[in-house]
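Trainee: when you get a sec, could you give me coordinates for this:
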Amino acid sequence: MKKIGIIGGSFDPIHYGHLLLGEQARDGAGLDRVIFVPARVSPYKTTNPPASDQHRFAMVSLAISDNIGFNVSDMELKREGVSYTYDTLKACQDLMGADTKIYFICGTDSFLSLSQWYEAESLLSEFSVIVGARPRYKDTSRDKMVEKIQETYGTEILKIHMPKIDISSTDIKKRIQEGRSIRYLLPLAVEEYIYQNGIYTK
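Mentor: Next comes the predicted model:
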């Protein structure tokens, strides 16, 4: 059976924190492939991302181009309305068939609110979850939530230990607007694309 991980988000822009989570999940869970899925409209961000769908998809494509274990999908960008994780996971399962096991990859903060998401019961009953666990970051809250979700839904939850890395898309955009360096926060190809296309400069 194939094992595919799905990692979603605005990726506005994608950075090394996203890529590290994807790679640690791929390696730690023995996934055949990790698919990055840029969101058209996030349920938690009701305004459109500053960068266009085209730019965000291009930046993800550039960021993952040297990793044969990574792919990018535009399925949410093509879908009208809000991008719900359950709908995306279900679409991936339908597309890939019963001989593929789908894992949802997320960080600790997203995981802690997962039981409140759209179609949470179906999501947690039908799919497995990989959560990136940073050292000493909300350990108690995360472990309690793992126990609660497993007891309630029987969900397979894998904790993947992550190096402590503090990079955010918000900080990257702020640095660009202030004329500060973003080197080593994201892949060089993405940095060059941002400046060549004048993204986040206003």
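
Trainee: and residue 166, which of the three is it?
Mentor: Three-state call for residue 166 (DSSP: H, G, I helix; E, B strand; the rest coil): coil.

Trainee: and the residue lying farthest from the centre of the chain, what pLDDT?
Mentor: Ranked by distance from the centre of the chain (Cα atoms, centre = their mean), the top residue is residue 179, with 27.2 Å. Per-residue pLDDT puts residue 179 at 95.

Trainee: what about it, is that helix, strand or coil?
Mentor: coil.

Trainee: may I have the phi/psi pair for it?
Mentor: phi 70, psi 20 (degrees, to the nearest 10).

Trainee: how about the contacts made by residue 155?
Mentor: Neighbouring residues of residue 155 by Cβ atoms under 8 Å, 6 or more residues apart in numbering: 124-125, 127-129, 149. (C-beta placed from N, C-alpha, C; glycine too.)

Trainee: swap that for residue 191, sorry
Mentor: 182-183.

Trainee: pretty sure it is in a helix, no?
Mentor: Yes: membership of residue 191 in a helix is supported by three-state DSSP.

Trainee: pLDDT score for it?
Mentor: 98.

Trainee: gap between it and residue 129?
Mentor: 32 Å (Cβ to Cβ, to the nearest Å).

Trainee: ditto for residue 19
Mentor: Taking Cβ to Cβ, one finds residue 19 at 19 Å from residue 129.

Trainee: and for the helix or strand harbouring residue 151, what's in contact with it?
Mentor: Using DSSP states H and E, residue 151 sits within helix 139-153. Helix 139-153 has contacts (Cβ under 8 Å, 6+ apart) with 108, 111-112, 114-115, 121, 124-125, 129, 131, 133, 155, 157, 159.

Trainee: in ChimeraX, how would I select just the buried ones from those residues?
Mentor: Selection of buried members from the contacts of helix 139-153 for ChimeraX, criterion 16 or more other Cβ atoms under 10 Å:
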select :108,111,112,114,115,124,129,131,133,155,157,159
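
Trainee: now for the contacts of helix 139-153: which two are most distant?
Mentor: 121 and 133 (23.8 Å; Cβ to Cβ).

Trainee: show me where this protein has its helices.
Mentor: Under the criterion DSSP state H, helices of the chain are mapped to 16-29, 53-64, 75-78, 85-96, 108-112, 120-126, 139-153, 169-177, 188-196.

Trainee: format those helices as JSON lines; extra columns: distance to residue 37.
Mentor: Formatted as JSON lines, the helices of the chain follow (distance: least, Cβ to Cβ, whole Å):
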{"stretch": "helix 16-29", "distance to residue 37": "11"}
{"stretch": "helix 53-64", "distance to residue 37": "9"}
{"stretch": "helix 75-78", "distance to residue 37": "5"}
{"stretch": "helix 85-96", "distance to residue 37": "6"}
{"stretch": "helix 108-112", "distance to residue 37": "14"}
{"stretch": "helix 120-126", "distance to residue 37": "14"}
{"stretch": "helix 139-153", "distance to residue 37": "22"}
{"stretch": "helix 169-177", "distance to residue 37": "16"}
{"stretch": "helix 188-196", "distance to residue 37": "17"}
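
Trainee: so which of these is nearest residue 35?
Mentor: helix 85-96 (7.3 Å).

Trainee: before I go, just wanted to say thanks for your time.
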